[in-house]
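**Q** this one's sequence-less:
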């Protein structure tokens, strides 16, 4: 039997999706997309899952699109996407949107190179935790393309226009330590500490009120083009909604009782 290109494991409230084409640095193919998007959807629909981790098998996170993929070259009748633009629309658009709108926090655990769409897949996640030996490469200009998988939206918002242009136009390799310094990623840790740090962060998030975490993500993203007054109004509307929740009542009760809260996303 052919080994899955996306491995799915669960440990209590944590679900891990591992990109599993290590011989190609987990470069994405149409067949791999056919496994990855449903795996994300299944995690979104599983009420027991409170945090999702995405990582790569072997020595890399994801080298981006596999340029030898027959589907992208129009040579696979089962995945006839009709050109690069249509391929991006068919596969990367729903992938990026699914990651950005997950009903639980998503952590990218970057264990090696994250290039092209692989880099932007990581940046779509709520947290990017990278090994010190990892790197990020906006490789698109080197093959005559533009950043996809959300790159043109994400990069300037994360690091500003000047750095976004520098990364996208040069396609230079960005070490994980520098990515952390410029605010592109959440944190860079020693290689040996990566998996433990990722699981510790996931466990911490899993104990928090997930509904409030996701609402916070949505507010921050929506506020970027707003003026201050509109953002204040948006905050008030969300507080009105969350203030009626059982999790808010539990949080307040736990605070006064000086105990750990038990949130149920209600």
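**A** Happy to help now that I have it. Keep in mind it's a predicted model, so treat the numbers as computed, not measured.

**Q** Correct me if wrong: residue 188 contacts residue 179.
**A** Yes - look at residue 188 against residue 179 with CB atoms under 8 Å: they come within range, at 6.9 Å. Every C-beta, even on glycine, is put in place using the N, C-alpha and C of the backbone.

**Q** Look at those two and report which has more neighbours.
**A** residue 179 (27 against 22; other CB atoms under 10 Å).

**Q** Please, where are all the helices along the stretch 1-150 of the chain?
**A** Using DSSP state H, counting those that start in this stretch, the helices found in the stretch 1-150 of the chain span residues 30-45, 84-87, 93-100, 117-124.

**Q** Give me the angle between the longest one and helix 117-124.
**A** Think helix 30-45. Relative orientation of helix 30-45 versus helix 117-124 (axes from the mean of the first three to the mean of the last three CA atoms, to 10 degrees): 10 degrees.

**Q** The residue nearest to residue 115 when sequence neighbours are not counted: neighbouring residues, count only.
**A** With sequence-adjacent residues excluded and distances taken as CB to CB, 6 or more residues apart in numbering, residue 115 is closest to residue 137, at 4.1 Å. Around residue 137 there are 20 other residues, counting by other CB under 10 Å.

**Q** likewise residue 117?
**A** Neighbour number of residue 117 under other CB under 10 Å is 28.

**Q** And residue 186, by the same measure?
**A** 16.

**Q** quick one: the closest residue to it other than its chain neighbours and residue 246, what's the gap?
**A** Of all residues not flanking residue 186 in the chain, residue 127 sits nearest, at 4.5 Å (CB to CB, 6+ apart). Distance, residue 127 to residue 246, by CB to CB, to the nearest Å: 26 Å.

**Q** The two: which has the busier surroundings?
**A** Neighbour tally, residue 127 and residue 246, criterion other CB under 10 Å: the higher count belongs to residue 127, 19 against 13.

**Q** what comes up buried for stretch 153-171?
**A** Buried residues in stretch 153-171, defined by neighbour count with 16 or more other CB atoms under 10 Å: 153, 154, 155, 158, 159, 163, 164, 167, 168, 171.

**Q** Can you give me the end-to-end span of that stretch?
**A** 17 Å (CA to CA, to the nearest Å).

**Q** could you give the mean pLDDT of it?
**A** Averaged over stretch 153-171, pLDDT sits at 97.

**Q** what do you get for stretch 223-235?
**A** Stretch 223-235 comes out at a mean pLDDT of 90.

**Q** cool, and stretch 25-42?
**A** What stretch 25-42 shows for mean pLDDT is 97.

**Q** Can you list the buried residues in it?
**A** Applying 16+ other CB under 10 Å to stretch 25-42 flags 25-37, 39-40 as buried.

**Q** Which of these lies at the shortest distance from residue 59?
**A** Residue 59 has its nearest neighbour among the buried residues of stretch 25-42 in residue 25, at 7.3 Å by CB to CB.

**Q** Grab the most central residue of the protein for me.
**A** The centroid of the chain falls nearest to residue 125 when counting by CA atoms, centre = their mean (2.1 Å).

**Q** my guess is that residue meets residue 61, correct?
**A** No - using CB under 8 Å as the test, residue 125 is too far from residue 61 to be in contact (11.1 Å).

**Q** so what sits against both of the two?
**A** Here residue 125 and residue 61 have residue 108 as joint contacts, going by CB atoms under 8 Å, 6 or more residues apart in numbering.

**Q** who does residue 7 bridge with?
**A** residue 18 (DSSP bridges).

**Q** If we go by neighbour counts, what in the strand or helix carrying residue 250 is buried?
**A** Element membership of residue 250 [criterion: DSSP states H and E] is helix 246-257. The neighbour-count check on helix 246-257 (16+ other CB under 10 Å) flags 247, 248, 250, 251 as buried.

**Q** Stretch 182-201 now?
**A** Those would be 184, 185, 186, 188, 189, 194, 195, 197, 198, 199, 201, for stretch 182-201 by 16+ other CB under 10 Å.

**Q** Can you check my assumption that the second one lies in a helix?
**A** No - applying DSSP: H, G, I helix; E, B strand; the rest coil, one finds residue 185 to be coil, outside a helix.
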